[in-house]
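Visitor: how does the following fold in three dimensions:
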Amino acid sequence: MPTVYVRRFDLKTSLTDSEVAAFWKYAVEEFVPVCLKANGVRSAKFYSGAGALRADLRVVIEMDHAGVYEELLHDASLHEHVAKFYAGIDFKTSTQMFAREVTQELARALSP
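Guide: Now for the predicted structure:
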């Protein structure tokens, strides 16, 4: 069942302007393309709220099913990328959530 993963995060406040620029260059030029190559990933995008690309940020990954997230974490070819991405995040303010798409199949499952 299609599932979306959302991690809301702020970048570490200790990052300099040049480090923030390097983080975003990496995120959009390397991290997203690697995610998109993973089996079961439909899309991977970053979104920014009112935090000037330093806070109120989100990475949104649409997957074929929730199990794809676990596969991403266990994929050895992604470990370096996830570690580099996580290195810039302030985990004290970070949250994550999963949501499954409401499909006809899911709605039918509720019918007696």
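
Visitor: averaged pLDDT, the host helix or strand of Ser43. What do you get?
Guide: Using DSSP states H and E, Ser43 sits within strand 41-51. For strand 41-51, mean pLDDT rounds to 94.

Visitor: list the buried residues for it?
Guide: For strand 41-51, burial by neighbour count (16 or more other CB atoms under 10 Å) applies to Val41, Ala44. Heads up, the C-betas are built off the backbone N, CA and C, glycines and all.

Visitor: and it, what does it pack against?
Guide: In terms of contacts (3 or more CB pairs under 8 Å, 6 or more residues apart in numbering; DSSP states H and E), strand 41-51 is packed against helix 32-37, strand 55-63.

Visitor: ok, which stretches of the chain are helices?
Guide: 17-26, 32-37, 67-74, 79-86, 104-109 (DSSP state H).

Visitor: hang on, the earlier thing: pull up the pairing partners for the strand holding Ser43, direction included.
Guide: Strand 41-51 sits in its sheet next to strand 55-63 (antiparallel), going by DSSP bridges.

Visitor: how about the CA coordinates for the partner strand, as PDB?
Guide: Output in PDB follows, covering the C-alpha atoms of strand 55-63 (Å, rounded to 0.1, in the frame of the first residue of the first chain):
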ATOM      1  CA  ALA A  55      14.600  25.300  10.000                       C
ATOM      2  CA  ASP A  56      11.100  24.000   9.500                       C
ATOM      3  CA  LEU A  57      12.300  21.600   6.800                       C
ATOM      4  CA  ARG A  58      10.900  18.300   5.600                       C
ATOM      5  CA  VAL A  59      12.100  15.400   3.500                       C
ATOM      6  CA  VAL A  60       9.200  13.600   2.000                       C
ATOM      7  CA  ILE A  61       9.700  10.100   0.500                       C
ATOM      8  CA  GLU A  62       6.800   8.400  -1.300                       C
ATOM      9  CA  MET A  63       7.200   4.600  -1.300                       C
END
